[in-house]
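Engineer: got a sequence here, can you model it:
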Amino acid sequence: MNENEFQNYQFLEDAAILSLNGTWRVLREKLNKKISKIKETDSLGFDDLNTLVDALDTFEAQIRKAKSRADEPTLKSATKQVTSKSGTTKTQRTSEEAFADYIYDYFHWQHEKIDEILAKLPDVFASVFDSFIIDVKFEGRDPEWIRKRPHAVKFQVFNLVKRFPRDKDMNEDIQVYGKCDFDYGFDLLNDPSHVYRQHLMQGFDFVEQMINHLRNFSQHKHHKDGRKILKSDLKRSIEDPVTGAESVGNMITLCSALVLSAYQFDEIIQTWIDTDTYVKGKGGV
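Structural biologist: Predicted coordinates:
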């Protein structure tokens, strides 16, 4: 990457960060309004609401980290050739060499920051989902398989069972005892007609899984097995296709992932409100 290419990249990076900042500012305001609505309808307990707000605050801290210029490397000046009194000449450091060192340091700094943020995001997602389903007792034929399902799937199943209970007893189980027939809800979610999945009105529900994959990728490339696969089997290193840096993406892709995450948070909260509205509209609890 030459100087002009780097300047173009930095322009795009600054634009991505500005876009992230502006998007989150608008979304956080809307999320706060929706949380206030949940408080008014009393559809979520006090502790669960605090868990949700704390998770969003933690997410906001990751956005601040993405924007931060703390510890950013600086471009050091080129050094001229200098000859000492003893006649020893120091190796000249050209402006091109100085810029190459700066580019390496800059993307290494970004790389570390990206890894730190990606490592934190799965915990944020877990806390957001836990605020809604932490006390739900999912029951089914294979408890271990149920336990390993993504948070988003469990959340969808729970909401579908609340909206479409098979009978009065199932309605009582979920509304009064917090029990959820996972197998029944999973069948609704995967009904070939898609009528039940469509009822959730969700489009960002796979973002959580994308974040988990990115986190795992960013961590595994550092592990012994990952390094061996790259060096011995694939004979290459990890390389961002835009910057050429040894990184899983760059600040532009990170900003995009953070925006998508925020959209899924909005979708999760809206789905909860919709379920409460729908159940009460049918004369439920």
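Engineer: going forward, measure contacts and count neighbours with C-alpha atoms only.
Structural biologist: Will do.
Engineer: ranges for the helices of this structure?
Structural biologist: Per DSSP state H, the chain carries helices over the ranges 3-41, 46-67, 95-133, 143-147, 151-163, 168-176, 182-189, 195-199, 207-220, 224-228, 251-281.
Engineer: so, low pLDDT: which residues of the stretch 151-285 of the chain?
Structural biologist: For the stretch 151-285 of the chain, applying pLDDT under 70 flags the ranges 176, 221-224, 283-285.
Engineer: 90 - rerun?
Structural biologist: 166-179, 194, 216-249, 280-285 (pLDDT under 90).
Engineer: pull out the buried residues from stretch 40-49.
Structural biologist: With burial defined by 16 or more other Cα atoms under 10 Å, the residues of stretch 40-49 counted as buried are Ser43, Leu44, Asp48, Leu49.
Engineer: kindly export it (C-alpha atoms) in CSV.
Structural biologist: Output of stretch 40-49 as CSV, limited to C-alpha atoms (Å, rounded to 0.1, in the frame of the first residue of the first chain):
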residue,chain,number,x,y,z
GLU,A,40,-44.6,0.4,31.0
THR,A,41,-46.0,-3.0,30.0
ASP,A,42,-44.2,-4.8,32.8
SER,A,43,-43.2,-7.6,30.4
LEU,A,44,-39.7,-7.9,31.8
GLY,A,45,-38.4,-8.0,35.4
PHE,A,46,-36.4,-5.3,37.0
ASP,A,47,-33.1,-7.3,37.1
ASP,A,48,-33.6,-8.4,33.5
LEU,A,49,-34.1,-4.8,32.4
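Engineer: when you give positions from now on, start the count at 3
Structural biologist: That works, and once the first residue is 3, the last one we named lands at stretch 42-51.
Engineer: so what touches it?
Structural biologist: Residues from elsewhere that reach stretch 42-51 (Cα atoms under 8 Å, 6 or more residues apart in numbering): Ile37, Ile40, Asp132, Ser133, Phe134, Asp278.
Engineer: only alpha carbons, please: show stretch 205-217 as CSV.
Structural biologist: Written as CSV, here are the backbone C-alpha positions of stretch 205-217 (Å, rounded to 0.1, in the frame of the first residue of the first chain):
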residue,chain,number,x,y,z
GLY,A,205,-34.0,-10.3,9.2
PHE,A,206,-30.9,-9.7,11.3
ASP,A,207,-31.1,-12.9,13.4
PHE,A,208,-27.9,-14.5,12.0
VAL,A,209,-25.7,-11.5,13.0
GLU,A,210,-24.9,-13.1,16.3
GLN,A,211,-23.6,-16.3,14.6
MET,A,212,-21.5,-14.1,12.2
ILE,A,213,-20.0,-12.3,15.2
ASN,A,214,-19.2,-15.7,16.9
HIS,A,215,-17.5,-16.9,13.7
LEU,A,216,-15.4,-13.7,13.4
ARG,A,217,-14.4,-13.9,17.0
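Engineer: can you give the distance from that stretch to the centre of its chain?
Structural biologist: Relative to its chain's centre, stretch 205-217 lies at 7 Å (Cα atoms, centre = their mean, to the nearest Å).
Engineer: circling back: out of the buried residues of stretch 42-51, the closest to Asn218 would be?
Structural biologist: For those, the residue nearest Asn218 by Cα to Cα is Asp50; the value is 27.8 Å.
Engineer: for Ile135, see how far away the closest one is.
Structural biologist: For Asp50, the distance to Ile135 equals 9 Å [Cα to Cα, to the nearest Å].
Engineer: which among the contacts of stretch 42-51 gets closest to Arg27?
Structural biologist: Ranked by distance to Arg27 (Cα to Cα), those are led by Ile37 at 15.5 Å.
Engineer: ok, and what's touching stretch 258-277?
Structural biologist: Residues from elsewhere that reach stretch 258-277, judged by Cα under 8 Å, 6+ apart: 18, 22, 25-26, 29, 33, 36-37, 40, 65, 130-131, 161, 164-165, 202-204, 206-207, 209-210, 213.
Engineer: show me where pLDDT drops low in the stretch 3-152 of the chain?
Structural biologist: In the stretch 3-152 of the chain, residues with pLDDT under 90: 3-4, 44-46, 76-103.
Engineer: and stretch 52-60, what's buried?
Structural biologist: Counting neighbours by 16+ other Cα under 10 Å, one finds that the buried residues in stretch 52-60 are Thr53, Leu54, Val55, Asp56, Ala57, Leu58, Thr60.
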